[in-house]
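K.L.:
3D model of this:
(chains A, B, C and D)
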Protein chains: 2
Amino acid sequence: MTKPNAGSRAAARRRAPRLKPGVKKEQILEVAVDYFGRYGYEETKWADIAAAVHIGSTALYHYFESKQHCLFEIMAKTVGDYRQRFDRIVAEHGDWNDALVTLLVDSFDLTEQQVLSQRLMVAEFGRIGVQRSLPREEAARASARAQTRDLEFAWGTFLARGMQQGLLPESDPRLLTRAVLGLYNSVWHWYRPGGTLTLADVGPFYVSRQLAILGCSPDLAAAKFAAAA
Amino acid sequence: MTKPNAGSRAAARRRAPRLKPGVKKEQILEVAVDYFGRYGYEETKWADIAAAVHIGSTALYHYFESKQHCLFEIMAKTVGDYRQRFDRIVAEHGDWNDALVTLLVDSFDLTEQQVLSQRLMVAEFGRIGVQRSLPREEAARASARAQTRDLEFAWGTFLARGMQQGLLPESDPRLLTRAVLGLYNSVWHWYRPGGTLTLADVGPFYVSRQLAILGCSPDLAAAKFAAAA
DNA sequence: TCGCACACCTGAAGTCAGTTCAGAAACTTT
DNA sequence: AAAGTTTCTGAACTGACTTCAGGTGTGCGA
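P.N.:
Numbers count the residues shown, from 1 in each chain, chains lettered A, B, ... in the order given. Below is the predicted model of the structure:
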C-alpha cells in the first residue's frame, strides 16, 4: 500500500509539462555557461546546475557523461560560433583591410552570454589538452581542440594573404596569429560584464593594439573607426 | 611485543638523514613547480608530490594547509621574483627607453623552472580570485593577489612616466599595462620548454610586438636589439 | 486499444583525491 | 636525561562526482 498522500503529493508537486526533446539540454547548457562563466567552473557544483534546471543531480548524466563533458560541449560551441562569424566576415569582404578590421571589431561585439562563454573558454582552456576516457566526452574535447586549431590556422592563412598583398609586413604568420589572438583572449581574464568598463570602452582600445601588433599603418585603424562610427 | 623484524626493517629502509630546517619545504615547492607546470595542477595528485619527495601524503600537511596553499605560495613567489627584477631594472636604468626594452627582453630570459612557474601561473591564475577559509592558505592567496596588483600598478606608473617624458603616446596606462602584460602572459599558454621553438625565437618576436602595442617607434626596437646582440 | 520503445528521471550506493586526527619517532635544547 | 619541537605516519573521514538498477510517462505502430 502506498502512502495515503502519495497521490495528492504527486498532484501538488505539479510536475512541469514535458518539454520538446532537446530543449532541456539547451537549458542546461545555458545555465552552465552562466554559472561556470560567472562563478567559475570549479566553484560551481554540478549539483547546483541540476537544481537550477529542477532535476536531480544524477539526471544530468542523461545528457552528459560528466561535468567536463558539458564544459567541452560549451567550448566546442563557443569556438564553432566564432569560426562561423570569421568565415562569414571573410567571405563578405572583398577588401582585405575591410575584412581585417571588421573581424577585429566584431570580436568585441558580444552578448553577455557570449562574454561569459569567452571567460569560461580562456579560464579552462588548459583542459582541452588532456585526453579523456569516456567516449562522448572525449569526442567533445577533441572537437573543441580541433576547432581551436582550425581557427588558428584560418587566421594564419588570412594573415599570410595580407602579407602577400603587401598590406602587412612579412613575418611568421603562426606567431603573429598567436600574438593577435593571445592579446584578444587576455581580455577575458579580467573583463567581466557589469564592471566599470564596457565593451564599448575596451573593444576599440584592444582593436587598435591588435592592429599595432600586426604592423598596420595607424591611419588604417583611424579611418576604419571613423567609418564605423 | 613488536614484530620480530621491526628493528631490521627500520635499519634496512635506511632513513635519509634529517635535512636542515626549511630544506624539505623547498624540495616540495621545487617538485610541485615541476609537476604542476609540466603535467597541470589538476592532473598531478597531491600524493604524487609526496611520493616524489619520499614522504607519506599526509606529511605534506606539516608544510602546507592544502594543495592549493602550496600552489598559492608558488604563485606568490613567482610574482615576487618578477617584481624584484622589475624594480632592479627600473632602478638601474636612468634612460626610460633603456629601462623599457631591458624589462621586456629580460622577461623572456628564464630558466626552465621559471618557465614552468609562468605556465602554472597563467593556467591557474583564476584561483587567486576566490577567498579561502584556512588561514595560512588564505594569507598566501591574498599575498599572491596583492603582489599581482602591485606589479600591474608599478607597470602602469612606469608607462605613465614614459608618456610624461613624451616617449610614449598618451593613453590609459592601466589598459595599456593590461594589454602589454596580457600579450606577455599569453605566451605561456602555449609555449613549453623542449618544444620546437626556443625562448630565443619567441622572445624577440613578442618584445617587438609589445613595443608595437606601446606605440614606440620601431627604430627604438631595432636599435636596442642590435645593441643587445 | 494494447504494448513496446524511448526519453527522462530518481534514490541509493560507490569512488577517489584531498583532508583530518591521534599519536609516534627523531632530533634539539636545557 | 627530561622536555620540547619538528617531522612524519596509518587509519579514518569528507564531499563532489559518478554509477547503477530501476521507475515513470509519452508517442507510435500493430
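K.L.:
measure stretch A:106-125 end to end?
P.N.:
22 Å (C-alpha to C-alpha, to the nearest Å).
K.L.:
contacts for it, please.
P.N.:
Residues from elsewhere that reach stretch A:106-125 (C-beta atoms under 8 Å, 6 or more residues apart in numbering or on different chains): A:30, A:33-34, A:36-38, A:40-41, A:71, A:74-75, A:77-79, A:81-82, A:85, A:89, A:184-186, A:188-189, A:191-193, A:199, A:202-203, A:206-207, B:126, B:189. C-beta: built from backbone N, CA, C; applies to glycine.
K.L.:
just the pLDDT at the most centrally placed residue in chain A, thanks.
P.N.:
Most central in chain A under C-alpha atoms, centre = their mean is residue A:78, positioned 3.2 Å from the mean C-alpha point. Turning to residue A:78, the model gives it a pLDDT of 98.
K.L.:
chain neighbours aside, what residue packs nearest to it?
P.N.:
Spatially, and ignoring its direct neighbours in sequence, residue A:78 is nearest to residue A:117 (4.4 Å; C-beta to C-beta, 6 or more residues apart in numbering or on different chains).
K.L.:
for that neighbour, identify the helix or strand it belongs to.
P.N.:
Assigned by DSSP states H and E, residue A:117 belongs to helix A:112-123.
K.L.:
tell me the angle that helix makes with helix B:112-123.
P.N.:
160 degrees (axes from the mean of the first three to the mean of the last three C-alpha atoms, to 10 degrees).
K.L.:
can you give me the buried ones in the next helix or strand along the chain from helix A:112-123?
P.N.:
Counting by DSSP H and E, the element after helix A:112-123 in chain order, helix or strand, is helix A:135-164. By 16 or more other C-beta atoms under 10 Å in any protein chain shown, the buried positions in helix A:135-164 come out as A:137-141, A:143-145, A:147-148, A:151, A:155-156, A:158-160, A:162-163.
K.L.:
what packs against whichever helix or strand comes after helix A:135-164?
P.N.:
Moving toward the C-terminus from helix A:135-164, the next helix or strand (DSSP H and E) is helix A:173-190. Helices and strands touching helix A:173-190, by 3 or more C-beta pairs under 8 Å, 6 or more residues apart in numbering or on different chains; DSSP states H and E, are helix A:112-123, helix A:135-164, helix A:199-214, helix B:173-190, helix B:199-214.
K.L.:
out of these, the one nearest DNA strand C is which?
P.N.:
The closest of the helices and strands packed on helix A:173-190 to DNA strand C is helix A:135-164. By C-beta to the nearest atom of the strand, the value is 13.9 Å.
K.L.:
what about that closest one and DNA strand D, any contact?
P.N.:
No. With C-beta under 7 Å from any atom of the strand as the criterion, DNA strand D is not reached by helix A:135-164; the gap is at least 8.0 Å.
K.L.:
residue numbers of chain A in contact with chain B?
P.N.:
By the rule C-beta under 8 Å from any C-beta of the partner chain, the part of chain A lying against chain B is A:40, A:42-43, A:123, A:125-127, A:130, A:171-172, A:175, A:178-179, A:181-183, A:185-187, A:189-190, A:202, A:205-206, A:209, A:212-213, A:215.
K.L.:
of the residues you listed, select the buried ones using a PyMOL command.
P.N.:
The PyMOL selection below is limited to those of these classed as buried (16+ other C-beta under 10 Å):
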select buried, chain A and resi 40+123+125+126+127+171+175+178+179+181+182+183+185+186+187+189+202+205+206+209+212+213+215
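K.L.:
and the strand or helix carrying the residue nearest to the centre of chain A, anywhere near DNA strand C?
P.N.:
Assessed by DSSP H and E, residue A:78 sits inside helix A:67-92. No. Judged by C-beta under 7 Å from any atom of the strand, helix A:67-92 and DNA strand C are separated, with a smallest distance of 12.2 Å.
K.L.:
so which elements touch that helix?
P.N.:
Applying 3+ C-beta pairs under 8 Å, 6+ apart, one finds that helix A:67-92 contacts helix A:23-39, helix A:96-106, helix A:112-123, helix A:135-164.
K.L.:
ok, 6 Å please
P.N.:
Applying 3 or more C-beta pairs under 6 Å, 6 or more residues apart in numbering or on different chains; DSSP states H and E, one finds that helix A:67-92 contacts helix A:96-106, helix A:112-123, helix A:135-164.
K.L.:
so which of those helices comes closest to residue B:100?
P.N.:
helix A:96-106 (25.8 Å; C-beta to C-beta).
K.L.:
pLDDT weak spots in chain A?
P.N.:
A:1-19, A:217-229 (pLDDT under 70).
K.L.:
what do you get if the cut-off is 80, keeping everything else the same?
P.N.:
Scanning chain A with the threshold set as pLDDT under 80 gives A:1-22, A:217-229.
K.L.:
what about residue A:81, distance to chain B?
P.N.:
Distance of residue A:81 to chain B, given as C-beta to the nearest C-beta, to the nearest Å: 21 Å.
K.L.:
and that residue, how many neighbours?
P.N.:
Neighbour count of residue A:81, defined by other C-beta atoms under 10 Å in any protein chain shown: 12.
K.L.:
dump the helices and strands packed on helix A:173-190 into CSV; add distance to DNA strand C as well.
P.N.:
What follows is the helices and strands packed on helix A:173-190, written out as CSV (distance: least, C-beta to the nearest atom of the strand, whole Å):
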stretch, distance to DNA strand C
helix A:112-123, 19
helix A:135-164, 14
helix A:199-214, 35
helix B:173-190, 22
helix B:199-214, 30
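K.L.:
of all these, which one comes closest to residue B:67?
P.N.:
With C-beta to C-beta as the criterion, residue B:67 lies closest to helix A:112-123 of the helices and strands packed on helix A:173-190, at 18.7 Å.
K.L.:
the closest one versus helix A:199-214: what angle between them?
P.N.:
Orientation note: helix A:112-123 sits at an angle of 40 degrees relative to helix A:199-214 (the same axes, to 10 degrees).
K.L.:
is helix A:112-123 in proximity to DNA strand D?
P.N.:
No. Helix A:112-123 lies apart from DNA strand D when judged by C-beta under 7 Å from any atom of the strand; the minimum separation is 14.3 Å.
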